[in-house]
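K.L.:
predicted structure and sequence below. I'll ask about it afterward.
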Amino acid sequence: MQHILVHLQRHCFFSPYMATIQSDLLLSAFYKHASSTFRSFPRATACRLLFPSPRPPLRLRAFSTAAADSTVVKVPDKPSVCTADELHYVSVNNSDWRVALWRYHPCPQAPPRNHPLLLLSGVGTNAIGYDLSPGSSFARYMSGQGFETWILEVRGAGLSLRGSNSKDIEQSANTVSEKMESLSENATTVQGSNSKDVEQSAHAISENMEAASESATNGPVTSKKELNSISCAESEISAAQGVEDENVAVKGDLTGLASVWDESKLVTRLTETFLRLSERVSGFLSENQSKVMSANLLDRISKLLAGSPLYEQFNDIRGNLSTLLETRENSSITSQITELSQKLVNIIEEAQLSIVTPPLFDLQTRFSSTVDDFQKQLDLMVNYDWDFDHYLEEDVPAAIEYIMKESKPKDGKLLAVGHSMGGILLYSMLSRFGFDGKEPRLAAVVTLASSLDYTSSNSYLKSLIPLADPAQALNVPVPLGALLAAAHPLSSSPPYVLSWLNSLISAEDMMDPDLLKRLVLNNFCTIPTKLLLQLTTAFREGGLCNRDGTFFYKDHLHKINVPILAIAGDQDLICPPEAVEETAKLIPEQLVTYKVFGEPGGPHYAHYDLVGGRVAVEQVYPCIIEFLTCHDK
């Protein structure tokens, strides 16, 4: 091994092309002859081991955010969950969001590159998918090959945050980071061998995931407030359970409920909820949506009172409330809604005191919980108010503009790799540029498991089609991260109840179990319903379209002038090869390269294996490097 390295190192770099060849030969020799321990290093790490820098270590900026005057504000530490060299925050126009950009510096000894590289992630995922560990990191591999690499976390994903100043952003980022890391710790401590133990652990993991998502969306102050509310709610539930046990022994004695039944606070919460519906939740809900939402809340309350002698009184109040809620909030109806809320609370209280049937002992507690849950639903809908076009028109352009200012490529262009929805964003961006007849700021594009039209495939994403029903538009945003985090113990531990979920992410034996666990627990987040609704148009005739249904992105791909490498996985159940090929066919033949990875006898590639599979570094990564190098001019 040593004589090979010495022989190669004695040769000079005659040209950038020869530099690339020399670097690849040396690294290939390293990977071929190194021990299994060294082989686990990414090429970026290998580069640093083989070519130690003669310069002293560079003191990297750990954390930065663009201030209002466009200067960079530095704060002491970046969150520990961010393993990039730097973390940047970029303001987004028409929004209070700051999207996160993970930055990886190029290896000093690698061949010089002309363009920075932007990585875009899939729907409901973050930067961690591109940097799972030092030994399995697409981002580090690309930086090791000389590319200044950036990963964008769009709004709502990963460390992207709502915030106005560096102190709040730093606090929020560290809060999210701590909660994300605690997920892995909780998962590691799962020792249950039966379904009940595993399910309890799954719930704990899911709650941490949801808390991390809320911290990013609402900020540290709101998150702390909500945690206090949760604590109070738990105390109330515990007290209610104790009261219920007492009531089972002594029927009719319900005086203990006074400790959990705060009538005035409940009236206030209920009034605020109805007023928010009346004012269409600050313009977020349409009049029709507001009616559906208010009916939904009243239906939930109705079910609590089913069979009660006070049911007719409730219906009278319901009718009056429905009439008031059809009018936008004003001072004249506020007092009326408050009065009706008080009457509704009185009915629940009277029903609780008069009904001794055991299943209805906790009526007041369930009523309080119903109101609280509904308020959280409204908050989620308002906080997760964006779709695919927001990413396309605001988040990605803001990131590209910032990267251009930082990296300053001579021709004002960058290279881009997009996985899943990330690739769809790149296709859509090129389509827009083609339609407008403008020059895109992309020198070359690689898409991994991406398509604008899924109608010809048997993608598992077709399960989203029912969401296209307008009535479903009022669903709570899909907490993908929490769902997958909760499902992971049930899929990876006995009795393997949900083991089939793993095949949607990775083919058998293609990912290290620990890396798969990190991917599931830390890479996914909550998905806005509006985003899902727009993405479902990819399963209809014409393919993916804009939010108004007036622009079909695949219709203008034939007008683009950017070279594209479209890669598919042979066992991808989410974006099958036929879906990838369907979009590739629309691109001018001289500009597109289509390739499917996977062999009949293995290895096979599922949806994420193209980025993080065991052999991706040997098969997929070199293909991407060759393509990008060819167009990095």
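P.N.:
Cool, got the structure.

K.L.:
which residues are in contact with Leu448?
P.N.:
417-420, 422-423, 567, 610-611 (CB atoms under 8 Å, 6 or more residues apart in numbering). Every C-beta, even on glycine, is put in place using the N, C-alpha and C of the backbone.

K.L.:
I'd say Ala295 and Leu325 touch.
P.N.:
No. The criterion here is CB atoms under 8 Å, and Ala295 misses it with Leu325 at 9.3 Å.

K.L.:
which residues does stretch 616-627 contact?
P.N.:
Stretch 616-627 has contacts (CB under 8 Å, 6+ apart) with 31, 42-43, 136, 138, 141-142, 145, 417, 444, 446, 563, 565, 567, 593, 595, 597, 603, 605, 609-611, 613.

K.L.:
let me fix that, I meant to ask about stretch 395-408.
P.N.:
Contacts with stretch 395-408, where a contact means CB under 8 Å, 6+ apart, come from 66, 88, 90-93, 97, 99, 101, 103, 116, 118, 120, 148, 150, 152, 154-155, 412, 414, 425, 429, 441.

K.L.:
one more time with 6 Å, if that's ok
P.N.:
The contact list for stretch 395-408, computed with CB atoms under 6 Å, 6 or more residues apart in numbering, reads 90, 92, 99, 101, 116, 148, 150, 152, 154-155, 425, 441.

K.L.:
of those residues, which pair is most distant in space?
P.N.:
Pairwise distances across the contacts of stretch 395-408 peak at 23.6 Å for Glu148 and Arg155 (criterion: CB to CB).

K.L.:
you'd agree Ala351 is up against Leu310?
P.N.:
Yes. Ala351 is within contact range of Leu310, at 5.1 Å (criterion: CB atoms under 6 Å).

K.L.:
any idea which of the contacts of stretch 395-408 is closest to Glu394?
P.N.:
Closest approach to Glu394 among those (CB to CB): Val92, at 5.1 Å.

K.L.:
local confidence estimate at that closest one?
P.N.:
Here, the pLDDT recorded for Val92 equals 91.

K.L.:
that one and Glu393: what is the separation?
P.N.:
Val92 is 10 Å from Glu393, where distance means CB to CB, to the nearest Å.

K.L.:
more crowded one of the two?
P.N.:
A direct count of neighbours by other CB atoms under 10 Å for Val92 and Glu393 places Val92 higher, at 21 against 17.

K.L.:
more crowded one of Ala295 and Leu325?
P.N.:
Leu325 (25 against 15).

K.L.:
surely the more buried one and Ser278 touch.
P.N.:
Yes. The criterion here is CB under 6 Å, and Leu325 meets it with Ser278 at 5.0 Å.

K.L.:
pLDDT wise, what is Leu277 at?
P.N.:
So, for Leu277, pLDDT stands at 80.

K.L.:
which element is it on?
P.N.:
Assigned by DSSP states H and E, Leu277 belongs to helix 263-278.

K.L.:
hmm, who's touching that helix?
P.N.:
Here helix 263-278 makes contact (CB under 6 Å, 6+ apart) with 290, 293-294, 325, 329, 337-338, 341-342, 345, 371, 375.

K.L.:
which stretches of the stretch 451-600 of the chain have low pLDDT?
P.N.:
Of all residues in the stretch 451-600 of the chain, those with pLDDT under 70 make up the ranges 463-501.
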